[in-house]
Structure formats: C-alpha cells, structure tokens
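*Asks:* generate coordinates for the sequence data below:
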Amino acid sequence: MKDKNIVLEPANNPSFQTFLETLSILPAISPLSNKLFTIIDDPNVSISVIGGLIGEDPGLASRLMTVANSPFYPFSEKVSSIRGALVRLGLVTVRGILLTTSLFDRVKHQPGVFELWKHSLGVSRVAKTLANRTKDVMTSDEAALAGLLHDIGKLPFLIFKPQRMENIWKTGPRTGKDSDWELEEFGLSHDQLGGRLLTQWKFPEIIRDSIRWHHQPDKCPSSSRRSAALIGLSDTICRGLGIAHADFPYLDAPLGDFLDILEIPGDEIIPVIQGVISDRDMLETASREIF
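*Replies:* Just a heads-up that it's a prediction; the model follows:
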C-alpha cells in the first residue's frame with residue numbers, strides 16, 4: 001500500500017529511488033527484529049513466545065530492559081524479566097522501540113544523531129503528557145509512540161547520504177523548515193518518508209497519519225487531524241525549548257493553530273512546558289542510558 005501523498009524523488013536520481021523501493025528491508029534491521037515485527041502483530045502469539053525470541057539476542061534483551069527501567073518510564077519498581085518489560089511497555093510500544101533503536105544503531109556514531117534521539121524522546125514525553133490533558137485525541141501510549149517515531153523519516157537520509165546530512169546539519173540552513181531543504185535535496189521530506197515507512201511496516205493509521213502530517217496538521221485527513229496537531233505541537237514545544245537536533249529557528253505554524261485544531265486553550269500547555277523544563281536532566285540521563 002502506497003501513501004498517495006508521497007512526493008517521489010525525481011527520475012534523475014535512480015539510486016535514491018531504488019533505495020526507497022527497498023526501505024522495507026533496510027539492512028539496519030536484523031532478521032530477528034524483522035521476525036519480531038511480524039509476530040508482534042499476531043494476536044495469537046503469546047508474550048512468552050515474543051519474550052523467548054527477544055531472549056535469543058542478548059543485545060536486544062538488554063536494550064529492552066534498559067528502556068523499561070529507565071527514568072523515562074518512572075515506575076517505582078524495576079522489572080527484572082523480559083516478560084515484565086513487555087507487560088510494562090505494551091507490545092505496540094515495544095515494536096516501536098525495537099524499530100527505532102534498530103535504525104538509530106545504524107547511524108548512532110554520526111554527528112548530531114544523539115541530539116536527534118534526545119529530541120525524539122522529548123517529543124514522546126510531551127506528547128504523552130498532552131494526550132493525558134486532551135479528550136478523544138490519542139491514548140497516552142499512542143501519543144508516546146508517535147512522538148518517538150515522528151522523525152524516523154530522517155534516518156534513511158542519514159544512512160543514504162551521511163556526509164551530506166552532516167554538512168547540512170553543521171552549516172545550515174539556519175532559516176526555513178528542514179522539510180523544505182529535504183524536498184530540494186532528496187525529492188521528499190522526512191514526514192513524507194516517515195509516513196511511507198510506517199505504512200510499509202503496518203503501524204496503525206493514527207500513528208502513521210500523525211507522523212506524516214505533524215508539520216501540516218491542517219492538511220491531514222479529518223480522522224487523524226487532532227492527533228497530527230498533538231504531535232506537531234509536542235515537536236514545536238521541544239524545539240522551542242532547545243531540545244532539538246539542529247538549529248532551525250522556525251515554527252511550523254503559530255502555536256494557536258495547533259491549539260485551535262486540538263480545541264484547547266493556551267493556558268493548558270503552560271504546565272506541560274514547565275514539566276519539560278523540570279525534566280531536562282531526566283531526559284538527558286534517559287537518552288544516554290538508552291542510546
């Protein structure tokens with residue numbers, strides 16, 4: 001199934017077009033992870049089977065336990081088993097974490113990637129908080145997952161052209177949207193590519209649409225418009241507070257536009273912003289532990 005809103009790379013760059021056609025089998029994802037992504041969607045597969053597969057990969061098991069016990073998930077008691085981690089996080093969240101960390105592992109040593117990871121965690125945190133303060137938009141788990149995955153479309157650019165991306169992040173642009181120069185450079189933007197990836201990986205529509213349209217929620221299908229605005233607002237709050245991966249001093253839209261779509265007053269986000277400020281040290285610690 002293809003996202004009809006995707007703008008494809010011009011034909012004069014066939015290598016990138018070929019790359020796009022093979023995104024579903026990115027080498028960054030191990031065969032075991034691919035198998036996990038498939039069986040997690042099967043309602044007839046037990047947690048024990050999923051836990052057993054994860055246990056076959058000590059690195060994967062360690063990562064899952066680290067995430068479940070990190071300050072990012074402030075539970076009073078630590079989990080000591082893979083099963084406990086699966087129950088705590090939920091299978092949909094685990095699938096997102098495994099996918100995200102698998103791709104980040106491929107590029108984690110490149111300049112600027114840690115900041116991108118911390119930004120993703122920050123947006124996940126803010127989105128979860130906002131979901132708890134709004135009605136009938138997203139569940140807190142859906143919001144946290146969409147926030148974590150919202151910039152996943154940037155990772156293929158880093159895999160395909162690492163030097164070009166490093167130069168862009170180091171030298172500019174200093175104004176305008178990152179999606180604008182991605183369109184110019186690659187023929188599609190990270191939000192478009194993120195939507196395509198999550199369609200291929202069969203994530204729920206509300207997650208896919210929220211990521212595809214988080215920069216333009218007004219253009220999102222009406223069924224997911226408020227969720228896209230929630231993720232866009234979370235992204236904008238984090239960037240506005242300096243929890244960002246590059247120096248792009250812009251707003252996708254005035255905060256009021258996001259708030260209007262969400263149908264919430266501006267004073268609703270003041271405690272959210274205060275929470276982000278107080279969580280800075282926690283976010284730094286959790287980002288380093290998981291990364």
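*Asks:* in this structure, what helix or strand scores lowest on average pLDDT?
*Replies:* Between all helices and strands in the chain, the lowest mean by mean pLDDT, DSSP states H and E belongs to helix 14-21, at a mean of 57.
*Asks:* for residue 291, what are its contacts?
*Replies:* Residues in contact with residue 291 (CB atoms under 8 Å, 6 or more residues apart in numbering) are 104, 108, 114, 117, 118. The way it works is simple: take the backbone N, C-alpha and C, and place the C-beta from them, glycine included.
*Asks:* go on, residue 75?
*Replies:* Listed by CB under 8 Å, 6+ apart, the contact partners of residue 75 are residue 88.
*Asks:* where does it land in three-state SS?
*Replies:* Here residue 75 is recorded as coil under DSSP: H, G, I helix; E, B strand; the rest coil.
*Asks:* next one: it from residue 286, what distance?
*Replies:* From residue 75 across to residue 286, the span is 13 Å (CB to CB, to the nearest Å).
*Asks:* ok, residue 118 next?
*Replies:* Residue 118 sits 9 Å away from residue 286, going by CB to CB.
*Asks:* and the helix or strand encompassing residue 234, what other elements does it pack with?
*Replies:* Secondary structure assignment for residue 234, by DSSP states H and E: helix 225-240. Using 3 or more CB pairs under 8 Å, 6 or more residues apart in numbering; DSSP states H and E as the contact test, the elements touching helix 225-240 are helix 113-133, helix 140-149, helix 205-212, helix 255-262, helix 270-278.
*Asks:* who wins for proximity to residue 162 among those helices?
*Replies:* Residue 162 sits nearest to helix 113-133 of all these, at 9.6 Å, using CB to CB.
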